[in-house]
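Novice: Sequence and predicted structure below; questions after.
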Amino acid sequence: MLRYYLILLAVLGLGILLGYTLLPDPARLPATVASGDSRPPPAAARAPLQPGEAETLAALHRQLQQARQAREQLAGQLEALALRLEELETGRDSAAVITAEADSREPGQERATTLRTSVQSLIDAGIPAEQAAWLQGRLDEIDLQQLYLRDRAAREGWLNKPRYHKERRQYLNAVTDLRSDIGDDAYDRMLYTLGRSNRVVIRDTMVNSPAEQYGLEAGDSIIEYDGQRIFTSNELNTLVTQGDAGIMTLVRIQRDGEVHDLYLPRGPLGIRMSTARVSP
């Protein structure tokens, strides 16, 4: 019997010991919990950094900042290169158009030059006078907005940063958007008058490519693709990816002054392109 009571006391003692171990210490409970507040206790305070850890964290923070700045700089440079490439392809020359008068001067007399206004240059290119005046007004507005953009960016310290290139692209696109307002023929003449490239020229064709198999040749100017006029290589690259691949599609070219219609499967043509400025 004594053995039974000893075992029972041992079990009870073990239970009491486990209860004290598992129950939280009231002295360590937050005051809000002791008073019946149901809000969760605050997070444990962060342990202080060791001396070596502080220097390491600061160095990592500096490296992160440098990496972020380098990434932003590269993004700005990439955007600038993309804009420059677009400008080289479309190549606007904002200088005044100068043409020499007929050579009727006396010997020793210097050649006279005639400065044509921008509107007159558009008229001389074959654009009606009223449309030329409206068109030049829009071009002046776009150019003036770019000047204000550059001035503001320089004053506020974000010239040649990604923000500047992004906003500048909007004005460059505004010139392209004039195409829907004036039509393809006037747009073609406008590009030529402004000194921009207005033709996509095949520099060479790739071996076993659709271009080689279906008769495209180096020196051909691509005038239309699937019934749409082509003025830049970007336009052509966009059109070949639209519609169902492999469908035979009309490609209108100009070769040695003559226009030819060829049919090629829709998709990559397999050509290397360049651009040219050709009188419409």
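Specialist: Sure, I can see it.
Novice: Every contact and neighbour count from this point should use C-alpha atoms.
Specialist: Fine.
Novice: Tell me how many other residues surround residue 58.
Specialist: When neighbours are counted by other Cα atoms under 10 Å, residue 58 registers 11.
Novice: let me redo that: residue 153
Specialist: With other Cα under 10 Å as criterion, residue 153 counts 16.
Novice: nearest spatial neighbour of it, skipping sequence neighbours?
Specialist: Distances taken as Cα to Cα, 6 or more residues apart in numbering place residue 159 nearest to residue 153, at 4.6 Å, with adjacent residues excluded.
Novice: what helix or strand is that neighbour on?
Specialist: Counting by DSSP states H and E, no helix or strand carries residue 159.
Novice: just residue 139 next, same as before
Specialist: Assigned by DSSP H and E, residue 139 falls within helix 129-156.
Novice: do residue 171 as well
Specialist: Residue 171 is part of helix 162-182, with elements assigned from DSSP H and E.
Novice: Give me the angle between that helix and helix 129-156.
Specialist: For helix 162-182 against helix 129-156, the angle by axes from the mean of the first three to the mean of the last three Cα atoms, to 10 degrees is 170 degrees.
Novice: Please name every helix or strand in contact with helix 162-182.
Specialist: In terms of contacts (3 or more Cα pairs under 8 Å, 6 or more residues apart in numbering; DSSP states H and E), helix 162-182 is packed against helix 51-90, helix 129-156.
Novice: Please enumerate the strands of the stretch 151-280 of the chain.
Specialist: Taking DSSP state E, counting those that start in this stretch, the strands of the stretch 151-280 of the chain run over residues 199-205, 221-225, 228-229, 248-255, 258-265, 271-276.
Novice: could I get those as CSV with distance to residue 182 and mean neighbour count?
Specialist: Output for the strands of the stretch 151-280 of the chain, formatted as CSV (distance: least, Cα to Cα, whole Å; neighbours: other Cα atoms under 10 Å):
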stretch, distance to residue 182, mean neighbour count
strand 199-205, 18, 22
strand 221-225, 18, 23
strand 228-229, 14, 16
strand 248-255, 22, 18
strand 258-265, 24, 15
strand 271-276, 22, 18
